[in-house]
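[1] what shape does this take:
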Amino acid sequence: MKFSDIIGQDEIINKLVRSVKEERVSHAQIFAGPQGCGKLALAIAFAQYISCENRQGDDSCGACPACIKYGKLVHPDLHFVFPVINKGSGETVSDNFISEWRGFVNNSPYFDLNQWLAEIGVKNQQGLIYASEAGEILKKLSLKTYESDFKVMIIWIPERMHPSTANKLLKLIEEPPDKTLFILVSEEPDLILPTINSRCQFVRIPSISQNAIRDYIMQTYNLDERKADMIARLSQGNYLRAIEFIEENESRIVNLTNFIELMRLAYKRDIPSLVEWSEEIATRGRETQKGFLGFSLSQLRENYILNVAGNNNKLVLLEGKEAEFAKKFNSYINNNNIAGLNNEFSKAYSHIAANGNPRIVFLDLALKVASLIR
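    Numbers count the residues shown, from 1 in each chain. Here you go, the predicted model:
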């Protein structure tokens, strides 16, 4: 992964390159930013640039032995930690899934936690960085470097880290092994142990600019400028959302179908069918359920704005089937119920994230929506 492979983010790239040239690379950094901004891609490209044996000005060469190994994510001084699931036998550590991880990241370093967990077959579990990972981190970083000047440990979604692992990591950051670089790639840095946050250099990764997304998808997906510009605007700097609009992402279609069904049954106050709806969605994995609730919150927002502001293209971020549904539905989301609906979906998300019983959570949500939608 070279810096030239990154979508946009020129300002951040320039800062990272300058820190290497001036030999001011902090041993522990948090790359934090919203979904779809390219945080993980930047972390890998930065690590490759540091390890490159023949840097070409402001980028790695892509051809030296180190770059070739980085291109396959098999460099012996590059280590990854990421959320995984417990398969029920042996210790639960990232290395159990390293082959799947390398294949998934090499396919595209732009993905979210739900997509990764779907790749490794998650069901009702939530992806975590388990306590057993602490020993693996200590073992890997206690070794000398094999080929590069630095050992690099990239921890993806550290907010999913078990407290014991977080405490071990804190000790390593306070007394780092020689020539070790930690890069924590986070979407919610406020959930990381505060003592870790305070000891890391914070690198804020912004959303990708609309122009950068537009130019990239025009070239990659052979789109005309008008459509590419519309998708770039709707994506709000989130490359993953842009891809969903381009490819009509299956999970987004499923979420929309479930949202429409919930609203239809709630408006009819068809309690037996609402019970069936809640029972069915309760059978899905927790990450899938959270994905649906997050999607529903965004739909409530867009429909409310459409109702209040009218068809203002600068404010309403809907396209395709979502926009078609909203034309008929938006009048039902108004000043009288938006706060209540938003509160109920947000509570449901929190309860599912806290391992609440999904049958109870979704039945309660369905009944509350039925009382609010009219």
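
[2] which residues touch the residue minimising distance to the centre of the chain?
    Taking C-alpha atoms, centre = their mean as the criterion, D112 is the residue nearest the geometric centre of the chain, at 3.3 Å. Contact partners of D112, counting by C-beta atoms under 8 Å, 6 or more residues apart in numbering, are 35-36, 240. Where C-beta positions appear, they are placed from N, C-alpha and C, glycine not excepted.

[3] of those residues, closest to E188?
    Q35 (10.3 Å; C-beta to C-beta).

[4] now do the SS call for the closest one.
    Secondary structure, DSSP: H, G, I helix; E, B strand; the rest coil: Q35 is coil.

[5] how about the contacts made by it?
    112, 187, 238, 240-241.

[6] what's the farthest-apart pair in those?
    It's E187 and R241 that sit farthest apart of the contacts of Q35, by C-beta to C-beta, at 14.0 Å.

[7] now the contacts of D112 as CSV including distance to A266 and pLDDT?
    Below are these laid out as CSV (distance: C-beta to C-beta, whole Å; pLDDT from 0 to 100):
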residue, distance to A266, pLDDT
Q35, 28, 91
G36, 31, 92
L240, 29, 88
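
[8] of the residues you listed, closest to S371?
    Using C-beta to C-beta, these come closest to S371 at Q35, 32.0 Å.

[9] apart from its neighbours in sequence, what residue is nearest F46?
    Excluding the flanking residues, the one nearest F46 by C-beta to C-beta, 6 or more residues apart in numbering is L16, at 5.0 Å.

[10] contact partners of the helix or strand the one you found falls within?
    Element membership for L16 (DSSP states H and E) is helix 10-21. For helix 10-21, contacts defined as C-beta under 8 Å, 6+ apart pick out 3, 6, 25-26, 42, 45-46, 49-50, 58-59, 203, 205-206.

[11] now, of these, which are buried?
    3, 6, 42, 45-46, 49-50, 58-59, 203, 205 (16 or more other C-beta atoms under 10 Å).

[12] in strands only, show me those residues.
    Judged by DSSP state E, strands contain the following of the buried ones among the contacts of helix 10-21: V203.

[13] okay if I get the buried ones among the contacts of helix 10-21 as a markdown table plus pLDDT and distance to D270?
    Converted to a markdown table, the buried ones among the contacts of helix 10-21 look like this (pLDDT from 0 to 100; distance: C-beta to C-beta, whole Å):
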| residue | pLDDT | distance to D270 |
| --- | --- | --- |
| F3 | 94 | 55 |
| I6 | 94 | 49 |
| L42 | 96 | 48 |
| A45 | 95 | 52 |
| F46 | 95 | 54 |
| Y49 | 94 | 58 |
| I50 | 93 | 59 |
| D58 | 91 | 61 |
| D59 | 92 | 59 |
| V203 | 94 | 50 |
| I205 | 94 | 45 |
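
[14] closest one of the buried ones among the contacts of helix 10-21 to T180?
    I50 (11.7 Å).

[15] so what's that closest one up against?
    20, 25, 148-150, 152, 181.

[16] closest one of those to Q299?
    V152 (39.9 Å).

[17] ok, and the closest non-adjacent residue to the closest one?
    Computed as C-beta to C-beta, 6+ apart, the closest residue to V152 that is not its neighbour in sequence is A47, at 4.3 Å.

[18] can you give me the pLDDT of that neighbour?
    The model reports A47 with a pLDDT of 95.

[19] how near is it to I253?
    36 Å (C-beta to C-beta, to the nearest Å).

[20] same check on R286?
    20 Å.

[21] K39 touches I205, doesn't it?
    Yes. Look at K39 against I205 with C-beta atoms under 8 Å: they come within range, at 5.1 Å.

[22] which neighbours do the two share?
    Common contacts of K39 and I205 (C-beta under 8 Å, 6+ apart): 31-33.

[23] so which of the residues you listed is the closest to V308?
    G33 (29.5 Å).

[24] roughly how far apart are that closest one and H27?
    Going from G33 to H27 by C-beta to C-beta gives 21 Å.

[25] looking at the two, which is more packed in?
    G33 (22 against 17; other C-beta atoms under 10 Å).

[26] just the strands in the protein please.
    28-32, 78-81, 151-156, 180-186, 201-204.

[27] save the ones you listed as TSV, and put in distance to N330 too.
    Formatted as TSV, the strands of the chain follow (distance: least, C-beta to C-beta, whole Å):
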stretch	distance to N330
strand 28-32	34
strand 78-81	43
strand 151-156	37
strand 180-186	35
strand 201-204	34
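
[28] out of the ones you listed, which comes closest to V361?
    The nearest among the strands of the chain, by C-beta to C-beta, is strand 180-186 at 26.6 Å.

[29] what's the closest one packed up against?
    strand 28-32, helix 39-51, strand 151-156, helix 163-174 (3 or more C-beta pairs under 8 Å, 6 or more residues apart in numbering; DSSP states H and E).

[30] go again using 7 Å as the cut-off
    Strand 180-186 sits against strand 28-32, helix 39-51, strand 151-156, with contacts defined as 3 or more C-beta pairs under 7 Å, 6 or more residues apart in numbering; DSSP states H and E.

[31] for those, give me TSV that also has distance to A353.
    As requested, these are exported to TSV (distance: least, C-beta to C-beta, whole Å):
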stretch	distance to A353
strand 28-32	20
helix 39-51	21
strand 151-156	19
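
[32] with that, I have no additional questions.
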